[in-house]
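1. 3D, please:
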Amino acid sequence: MKPRLLAGPTAHFHPEFNAVYGIDREGNILAPDGEYAPDVTHDPDGDVLIDGGPTKSASNNSFDVNSGWDVLTGHTGQYGYRGAVMHPSELWGAWAIDHLTTIADSDLIEYVLFAVVEVRDEDGDYPEGDPIGWAVIYKEIV
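-> All right, here's what the predicted structure looks like:
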């Protein structure tokens, strides 16, 4: 069952950290029930880990890894880095809505779950470790 409509297509939607939302191919923001935002930590070998495991793309698109969660990449303005972790000074924007809507625009996908999450260092001090940035995670619902 598709989640209830939270907001129509808008580039002005501002998600709360660790809250899970949905987006459909028209750009409608949805409010799914019972979904959680997994923990995301920095991984020097694979950019980020989701709940301690690799992202969907890092696991060769295996839906068995972390229930299919992946991350948006390539949007940070950090020099020489094109990964998932946004600098704390960078802002959410229309780029995220546009990218998520593009992912949702498939006949195979009903909608896409997404969340904005803090990325913690891999030093093992989670949850007391300092956040090093943030990322947009997503999961395709087919």
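2. Model confidence score at the nearest residue to Gln78 once chain neighbours are set aside, please.
-> Take Gln78 and drop its neighbours on the chain: the residue closest to it by Cβ to Cβ, 6 or more residues apart in numbering is His87, 5.5 Å away. The C-beta positions use only the backbone N, C-alpha and C, and glycine is treated the same way. Looking at His87, its pLDDT stands at 90.
3. Do I have it right that His87 meets Tyr81?
-> No - between His87 and Tyr81 there is no contact under Cβ atoms under 8 Å: 9.1 Å.
4. Who are the contact partners of Thr76?
-> Arg82, Gly83, Val85, Met86, His87, Glu90 (Cβ atoms under 8 Å, 6 or more residues apart in numbering).
5. need the contact list for the residue nearest to Gln78.
-> Going by Cβ under 8 Å, 6+ apart, the list of residues near His87 reads Thr76, Gly77, Gln78, Gly133.
6. mind listing the helices for this protein?
-> Under the criterion DSSP state H, helices of the chain are mapped to 94-104.
7. can you pull out the strands in it?
-> 4-7, 20-23, 29-31, 40-43, 47-50, 53-54, 70-71, 111-120, 131-141 (DSSP state E).
8. mind putting the ones you listed in CSV, mean pLDDT, distance to Trp95 and mean neighbour count included?
-> Shown next, in CSV, are the strands of the chain (pLDDT from 0 to 100; distance: least, Cβ to Cβ, whole Å; neighbours: other Cβ atoms under 10 Å):
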stretch, mean pLDDT, distance to Trp95, mean neighbour count
strand 4-7, 85, 18, 13
strand 20-23, 96, 13, 24
strand 29-31, 94, 16, 18
strand 40-43, 86, 19, 22
strand 47-50, 86, 18, 23
strand 53-54, 76, 24, 19
strand 70-71, 92, 14, 24
strand 111-120, 93, 13, 23
strand 131-141, 91, 9, 20
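9. can you redo those strands as JSON lines with distance to Ile97?
-> As requested, the strands of the chain are exported to JSON lines (distance: least, Cβ to Cβ, whole Å):
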{"stretch": "strand 4-7", "distance to Ile97": "10"}
{"stretch": "strand 20-23", "distance to Ile97": "7"}
{"stretch": "strand 29-31", "distance to Ile97": "8"}
{"stretch": "strand 40-43", "distance to Ile97": "20"}
{"stretch": "strand 47-50", "distance to Ile97": "21"}
{"stretch": "strand 53-54", "distance to Ile97": "26"}
{"stretch": "strand 70-71", "distance to Ile97": "16"}
{"stretch": "strand 111-120", "distance to Ile97": "9"}
{"stretch": "strand 131-141", "distance to Ile97": "10"}
